[in-house]
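Q: Sequence plus predicted model, see below.
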Amino acid sequence: MRLRFPLYGKVLFWFFVNLALVAVLAYAFVRTQFRVGLEWLLAGPAQQRIEAMAETITADLRERPSARWGEVMERNRAAHGGGVTFVLFRNDARQIAGPVINLPAELAEKLRDRRGPPNPRGPLARPESAGGKKGDAAVQPPPPARLSFFLRAGKPARYYAGLHIGLTHDDPTDPRAVTLLLAADSITGGGLFFDPLPWLLLVFAALVLSALVWLPIVGGITRAVRRVNSAARSIAEGRFDVRVPAERRDELGELGGSVNTMAAQLGELVEHQRRLTADVAHELCSPIARMQRALGVIEQRSVPEQAGHLEKLDRELQHMAKLVEEVMSFTKVSALPTLAEPEEFALADLVAGIIAREAADARVEVHVRADFRICTVREALDRALSNVLRNAVRYAAHAGPIEVHAEAARDATVITVRDHGPGVLAAALDKIFEPFFRPEAARQRTTGGAGLGLAIVKRCVEACGGNVVAMNCETGGLQVKITLPRWT
């Protein structure tokens, strides 16, 4: 089963795909032209958060001798769930404290501090426990921690953030600050490097704003397509009076206008065909009647040897007369909605009259309450039930009782006529209501008509505002279900 993907969703989907491609192209262009690295991901709150944490670590390190700096690194690693490794490096890429890690070449290059010596007026401040002297007035305040780099390196790849902190190592010949290195397996670093929440909020806001901008456009297109589709279905069902609202001034508006023109022309063509069929059937009545009268005269003057031929000719004329009568009935049915008004009546009385007229000798079981009343076009329903019951008697009266049921649904009345005969081939169920269609089993003249009986049923039910379907019963037989709206 193929999934249905509405046009509305397709337009929005391809819009967002286009938006994503534009974003990727813009990112590639900016990175190529301006040599932008991963540092931009740590700009703003992320950078401030990391630098503030580095200041806290620096203050903690000042309180301890360098021999215990590894404890500080391990404590901070544990505080972040073990997802981030904290390591101290000298300016020549030699490790001072923290777990030993293998440095990729590009990371070692970043760790080599090529900055010049700090302010020559004096060395960086050192805590007393690390070699500084209390009360030394010449010591300048340490610089704040600053993010130096953020990169992806190694195999397997890891993410590294380096910060120059206001702390020196034990080498008195090089007073430059050491580098605090933060290493993680993911770009988020447990939320320390990269927080996806603001980006998710940005994407969500972009989607909402895009939807608000595109909703009127896409909604207008899909509404127009639905109207044209609905009109086309109605035209296919024979309702040529439907029209698509002429509101748009674009290609969809032109399509709606073309559908309206097609519906009008088809309606005129079908109406002309109906009039022609009715006129031809009416004109055939007179010559058939004259031939029947002439045949009666010939029978009176014929010799016994001609009786068989005359009887065969009489059957042919009767068949022609019946065919013309059915064609005239079929053409008149379409005028019922305009010629007759719906009326309220007892359905049981109507069914009893039809049975007396069409199935007096057949066994018919009626399951309709005597007080069951219905409001519809009585003449149309009479013709519909008469034809259905006549077909049931013709093909299935010998197989068991014919059942007539009626029940009231929430907003409809359902009338069912069921027989216990051979039923109809499944492939023919959708076609038996078409004009002049006869199943293979009903193509003999002795058992089948012209193929207009059930077509008249459909026209009559539609004149009542309802619909009719036929289905084979699981236990055998054919069931014809007529559903009528509850008119008030």
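A: Structure received.

Q: CA only for contacts and neighbour counts going forward, please
A: OK.

Q: okay, residue 441: pLDDT?
A: You'll see residue 441 listed with a pLDDT of 49.

Q: same check, this time on residue 478
A: Looking at residue 478, its pLDDT stands at 91.

Q: my guess is it meets residue 421, correct?
A: Yes. Counting by CA atoms under 8 Å, residue 478 does reach residue 421; the two are 6.8 Å apart.

Q: Residue 179 against residue 164, yeah?
A: Yes. Using CA under 8 Å, residue 179 is in contact with residue 164, at 4.6 Å.

Q: Neighbour count: the two, which is higher?
A: Between residue 179 and residue 164, residue 179 has the larger neighbour count (other CA atoms under 10 Å), namely 29 against 26.

Q: Name the residues that touch the helix or strand where that one lies?
A: Here residue 179, judged by DSSP states H and E, is contained in strand 177-184. For strand 177-184, the surrounding residues in contact (CA atoms under 8 Å, 6 or more residues apart in numbering) are 54, 83-91, 111, 124, 158-169, 189.

Q: Next step: those residues restricted to strands.
A: Using DSSP state E, the subset of the contacts of strand 177-184 located in strands is 84-89, 158-168.

Q: Could you tell me how far stretch 352-368 lies from the centre of the chain?
A: Remark: stretch 352-368 is offset 48 Å from the chain centroid, using CA atoms, centre = their mean, to the nearest Å.

Q: Likewise for stretch 202-222?
A: The answer for stretch 202-222 is 17 Å, by CA atoms, centre = their mean.

Q: what are the ranges of the helices in the stretch 51-200 of the chain?
A: 69-79, 105-111, 196-236 (DSSP state H, counting those that start in this stretch).

Q: Could I get the buried residue list for the shortest one?
A: Think helix 105-111. Using 16 or more other CA atoms under 10 Å as the burial criterion, the residues of helix 105-111 that qualify are 107, 108, 110, 111.

Q: ok, of those residues, which one's closest to residue 405?
A: When the buried residues of helix 105-111 are ranked by distance to residue 405 (CA to CA), residue 107 comes first, at 87.1 Å.

Q: Isn't the closest one up against residue 149?
A: No. If you go by CA under 8 Å, residue 107 and residue 149 don't touch, sitting 9.5 Å apart.

Q: what touches both of these two?
A: Common neighbours of residue 107 and residue 149 (CA under 8 Å, 6+ apart) are residue 160.

Q: Look at residue 194 and say how many residues are nearby.
A: 19.

Q: Got the phi and psi for the nearest residue to it once chain neighbours are set aside?
A: Nearest non-adjacent residue to residue 194, counting by CA to CA, 6 or more residues apart in numbering: residue 188, 4.3 Å away. Residue 188 adopts backbone torsions of phi -80, psi -30, taken as degrees, to the nearest 10.

Q: Count residues in the vicinity of residue 188, would you?
A: For residue 188, using other CA under 10 Å, the count is 15.

Q: what residues are up against it?
A: Contacts of residue 188 by CA under 8 Å, 6+ apart are 194, 195, 196.
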